[in-house]
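>>> just to be clear, the model below is a prediction. Sequence and coordinates:
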Amino acid sequence: MAYCLRQVGHNDAEDVVSEAFLIAWRRRQVLPEPPLPWLLVTARNPIADSRRRYARSVSGDAQAARLLALAAPDAVGDAVTRRQTLIRALGTLSTDDREALLMIAWDGLTAAQAAQVMGCSTATFNVRLHRARKRLEAAADETAVRGA
């Protein structure tokens, strides 16, 4: 559900999750172990359909606002400021960069599982993840400078 919420928001996330689990139920005899990467791959088609139905692209500010709303508040002070800076910076990244980072950090997938979801090799995914982390760091620095 968290993956779908990040991808399509509250309005369509439940439908996407329902469709993915319906497909999983139909194919329950052949589900891989662990099933999470397979479920995320399965959810990508309904997510793509949902994105096509609605806005083709979401502005970085709107994406950052959606991610801020999903983030649970934690400690006050510097940690909160850093978290908000990172979330705003996430909103400025490309969809692929954001997806790679969030599958590892929020969904808890391994690089091999995330590579399966993205349809690439583990080595390719690791390169994409490394580059996405560098772009996030640069975007966070820029966001912090603008916010200060």
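Cool, the structure landed.
>>> for the protein, which segments are assigned as helices?
Under the criterion DSSP state H, helices of the chain are mapped to 2-8, 10-26, 36-53, 60-70, 78-92, 95-105, 111-118, 122-147.
>>> export the ones you listed to JSON lines and tack on mean neighbour count?
Placement of C-beta: from N, CA and C, glycine included. What follows is the helices of the chain, written out as JSON lines (neighbours: other Cβ atoms under 10 Å):
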{"stretch": "helix 2-8", "mean neighbour count": "21"}
{"stretch": "helix 10-26", "mean neighbour count": "15"}
{"stretch": "helix 36-53", "mean neighbour count": "17"}
{"stretch": "helix 60-70", "mean neighbour count": "16"}
{"stretch": "helix 78-92", "mean neighbour count": "17"}
{"stretch": "helix 95-105", "mean neighbour count": "19"}
{"stretch": "helix 111-118", "mean neighbour count": "20"}
{"stretch": "helix 122-147", "mean neighbour count": "15"}
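>>> tell me, which of the ones you listed is the model least confident about?
Looking at the helices of the chain, the lowest mean pLDDT belongs to helix 60-70 (a mean of 64).
>>> measure residue 121 to residue 52 for me?
For residue 121, the distance to residue 52 equals 28 Å [Cβ to Cβ, to the nearest Å].
>>> now residue 51: how far from residue 97?
Relative to residue 97, residue 51 is positioned 17 Å away (Cβ to Cβ).
>>> if you could redo that for residue 140, that was the one I meant.
Distance from residue 140 to residue 97, by Cβ to Cβ: 13 Å.
>>> how about residue 110?
Going from residue 110 to residue 97 by Cβ to Cβ gives 18 Å.
>>> residue 36 too?
Counting by Cβ to Cβ, the gap between residue 36 and residue 97 amounts to 21 Å.
>>> just residue 44 next, same as before
16 Å.
>>> go on, residue 119?
Residue 119 sits 16 Å away from residue 97, going by Cβ to Cβ.
>>> over to residue 116?
With distances taken as Cβ to Cβ, residue 116 is found 18 Å from residue 97.
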